[in-house]
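>>> this one's sequence-less:
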């Protein structure tokens, strides 16, 4: 177990920290889905930018969780990567 993993495990014992982390899960899932889709298609951020017309800096912000993409933006990203956007309430 790395130092980070140990630290994180310790923090998750704190009820307030755990709640805040769980509240972020949907946003983190979207960020990770964008990153995974781009990487599995073998595209760089610049290549994805060229395909979508979305600035590379904006794609970077999305991947770092510093922006909230609209459904329209997610659809543009999915189409450019040859994927389909699927959103579900579970």
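Nice, I can see it. Please read all numbers here as calculations on a predicted model, not as lab measurements. Numbering: from 1, shown residues only.
>>> okay, CA-based contacts and neighbour counts for the rest of this
Noted.
>>> contacts only, for residue 75.
Going by Cα atoms under 8 Å, 6 or more residues apart in numbering, residue 75 touches 84, 85.
>>> wait, residue 17 sits on residue 10?
No: using Cα atoms under 8 Å as the test, residue 17 is too far from residue 10 to be in contact (10.1 Å).
>>> out of those two, which sits in the busier spot?
Neighbours of residue 17 and residue 10, each counted by other Cα atoms under 10 Å, are more numerous for residue 17; the result is 13 against 10.
>>> quickly find the element holding the more buried one.
helix 15-40 (DSSP states H and E).
>>> what helices and strands are in contact with that helix?
If contacts are counted by 3 or more Cα pairs under 8 Å, 6 or more residues apart in numbering; DSSP states H and E, helix 15-40 sits against helix 56-63.
>>> just give me how far the helix it packs on sits from the chain centre.
How far helix 56-63 lies from its chain's middle: 10 Å, per Cα atoms, centre = their mean, to the nearest Å.
>>> equivalent analysis for stretch 11-28, please.
From the chain centre to the centre of stretch 11-28 is a distance of 16 Å (Cα atoms, centre = their mean).
>>> can you pull the contacts of the residue most central in space within the chain?
When Cα atoms, centre = their mean is applied to the chain, the residue found nearest the centroid is residue 31 (0.6 Å). Residues in contact with residue 31 (Cα under 8 Å, 6+ apart) are 62, 63, 64, 65.
>>> buried ones only from those residues, please, as a PyMOL command.
The buried residues among those can be selected in PyMOL (16 or more other Cα atoms under 10 Å) with this line:
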select buried, resi 62+63
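>>> tell me the one of the contacts of residue 31 nearest residue 42?
Lowest distance from residue 42 to the contacts of residue 31 (Cα to Cα) belongs to residue 63, with 15.4 Å.
>>> skipping adjacent residues, who's closest to that closest one in space?
Nearest non-adjacent residue to residue 63, counting by Cα to Cα, 6 or more residues apart in numbering: residue 31, 5.3 Å away.
>>> now that neighbour: how far from residue 50?
From residue 31 across to residue 50, the span is 20 Å (Cα to Cα, to the nearest Å).
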